[in-house]
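Q: Mind folding the following:
(one chain, ligands or ions: 1)
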Amino acid sequence: MKHHRVVVSRHGGPRVLQWVEAELPEPKAGEVRVKVAAAGVSAYDLMFRRFSLLPGTPRTPFTLGADVVGTAEKLGGSVSVVRPGQMVAGATFCQNGLGGYAEQVCLPESELLPVPAGVDPAEAVCLVTNYLTAYAALHRAAEVRRGERILVHGAAGGVGTALLELGKLAGAEMYATASKRNHELVARLGATPIDYRTEDFVKRVRAQTGGGADAVFDPIGGFRQLRRSRDALREGGRLVWFGVAGVGRGGLPVIPRTMLAVAWIAAFPAGRVLRFFPDLGKDNAWYRRTLAELLELLAAGKIQPVIAARIPLAEAARAHAILESGEYAGKLVLTAGA
Ligand SMILES: NC(=O)c1ccc[n+]([C@@H]2O[C@H](COP(=O)([O-])OP(=O)(O)OC[C@H]3O[C@@H](n4cnc5c(N)ncnc54)[C@H](OP(=O)(O)O)[C@@H]3O)[C@@H](O)[C@H]2O)c1
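A: Numbers count the residues shown, from 1 in each chain. Here you go, the predicted structure:
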């Protein structure tokens, strides 16, 4: 039996993504074969597609995609909770280069959560890595409390919009950096927008908060960016660094510069704490509990993920051309099946 998947045939631009026929994967013991309805596209995918030297990059040809929502199609031995035909959501953690950009994918039952009836698969897939990342950053790393002032960088992105939605629910006062074209969206999500291209975010935040933010969330990276994020904090504030989206414009040298900044800030914290980001896959009990909570929030209409575009799986290269352009807000979602 065959299915289709999208493979990174070699490292390079969006056109290296190819729609190919492949053997249908058989679920091993403890696994479920999921017929994909929606697969998430993320900033990580762009880096893994472009660069071969990043730690954790599988060997070509491999399939991208960190998160999926779909129907349980076939159960491996000893699967005890998931039922055939059930709609499930889960993270692939890009294991063995067999990610979610595929018509069918096998995942451990332990990574899969049932999706409540009536929930849109494309909205649900936004929760799996973006909202989990945002939730962990807000509640596990920074432990944001009601009324605290937070600065969110990359606020119009997949994780950024999730941080704003969850930050609002947590009762935070929010400031957010984004390009001008995304300011209306960021304001609608409850934050005061700051144009990082033309404004000094350190000055704006320090002035508006009267001394600095309680927490800053930085997925951009780079030495200058992280130092300035630290400068935007009040004494004793928390800086949560969790990505290197700056690679998009600055290339791979952003990574060593980020590591240097992280070491420098840690060495001279000046009363400000730098928190690193926890690995989503490490603590399965937390992962399951939090994803279930997020799915409930979605089903209850308390969160509404921003979807940049829904693009058929077979046109993944087009989705990556949009990803490459940076001209989108929210999360790009690949859709499959009827
Ligand atoms: N640690 C983890 O587990 C984890 C999980 C998921 C993601 N991440 C990381 O989080 C980052 C964001 O991921 P994503 O999927 O949300 O990316 P995304 O959707 O592509 O969003 C990136 C955003 O960054 C903004 N941006 C670029 N340069 C900026 C700057 N100098 N200042 C402020 N904003 C800037 C862009 O905003 P404009 O369009 O408004 O210019 C864009 O909206 C990535 O680095 C990713 O690796 C980490």
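Q: how far away is residue 255 from the ligand?
A: 10 Å (CB to the nearest ligand atom, to the nearest Å). No exception for glycine: its C-beta is placed from N, CA and C like everyone else's.
Q: quick one, what contacts residue 114?
A: Neighbour list for residue 114: 82, 86, 87, 88, 295 [criterion: CB atoms under 8 Å, 6 or more residues apart in numbering].
Q: residues near the closest residue to the ligand within the stretch 201-338 of the chain, how many?
A: Taking CB to the nearest ligand atom, the ligand has its nearest neighbour within the stretch 201-338 of the chain at residue 243, 2.6 Å off. Residue 243: 23 surrounding residues under other CB atoms under 10 Å.
Q: In space, what's closest to residue 11 - neighbours in sequence excluded?
A: Distances taken as CB to CB, 6 or more residues apart in numbering put residue 52 closest to residue 11, at 4.8 Å, once the chain neighbours are dropped.
Q: for residue 65, same thing?
A: Nearest to residue 65 is residue 100, by CB to CB, 6+ apart, at 2.9 Å.
Q: Also residue 102?
A: residue 5 (3.6 Å).
Q: Over to that neighbour: give its phi and psi.
A: Main-chain torsions, residue 5, degrees, to the nearest 10: phi -140, psi 160.
Q: Pull up the gap between it and residue 26, please.
A: 15 Å (CB to CB, to the nearest Å).
Q: same deal with residue 76?
A: The value you get for residue 76 to residue 26, if CB to CB is used, is 8 Å.
Q: Can you pull the residues that touch both of those two?
A: 33, 106.
Q: of these two, who's got more company?
A: In this view residue 76 and residue 26 are compared by other CB under 10 Å, and residue 76 has more residues nearby, 16 against 11.
Q: Smallest gap between the stretch 151-300 of the chain and the ligand, at which residue?
A: For the stretch 151-300 of the chain, CB to the nearest ligand atom, closest residue to the ligand: residue 157, 2.0 Å.
Q: what about the residue lying closest to residue 61 once chain neighbours are set aside, how many neighbours?
A: Take residue 61 and drop its neighbours on the chain: the residue closest to it by CB to CB, 6+ apart is residue 7, 4.1 Å away. Residue 7 sits with 22 neighbouring residues when counted by other CB under 10 Å.
Q: my guess is residue 7 is in a strand, correct?
A: Yes - counting by DSSP: H, G, I helix; E, B strand; the rest coil, residue 7 is found in a strand.
Q: residues in contact with it?
A: 17, 18, 20, 60, 61, 62, 63.
Q: Export those residues to a markdown table and append columns for pLDDT.
A: Supplementary listing: the contacts of residue 7 in a markdown table, determined by pLDDT from 0 to 100:
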| residue | pLDDT |
| --- | --- |
| 17 | 98 |
| 18 | 97 |
| 20 | 97 |
| 60 | 94 |
| 61 | 95 |
| 62 | 96 |
| 63 | 97 |
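Q: returning to that earlier point: would you convert the contacts of residue 114 into CSV that also reports distance to the ligand?
A: Shown next, in CSV, are the contacts of residue 114 (distance: CB to the nearest ligand atom, whole Å):
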residue, distance to the ligand
82, 25
86, 26
87, 23
88, 21
295, 18
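Q: and these, which of them are in strands?
A: 87, 88 (DSSP state E).
Q: What's the ChimeraX line that selects buried ones from the contacts of residue 114?
A: Only the buried entries of the contacts of residue 114 go into this ChimeraX selection, using 16 or more other CB atoms under 10 Å:
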select :82,87,88,295
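Q: which one of the contacts of residue 114 is nearest residue 310?
A: residue 87 (16.9 Å; CB to CB).
Q: before we move on, back to that, from what I can see the residue of the stretch 201-338 of the chain closest to the ligand touches residue 217, true?
A: No - between residue 243 and residue 217 there is no contact under CB atoms under 8 Å: 9.6 Å.
Q: picking that back up, and the residue nearest to residue 11, how many neighbours?
A: 14.
Q: what's the answer for the one 5 residues further on, then?
A: Other residues lying near residue 57 total 18 when counted by other CB under 10 Å.
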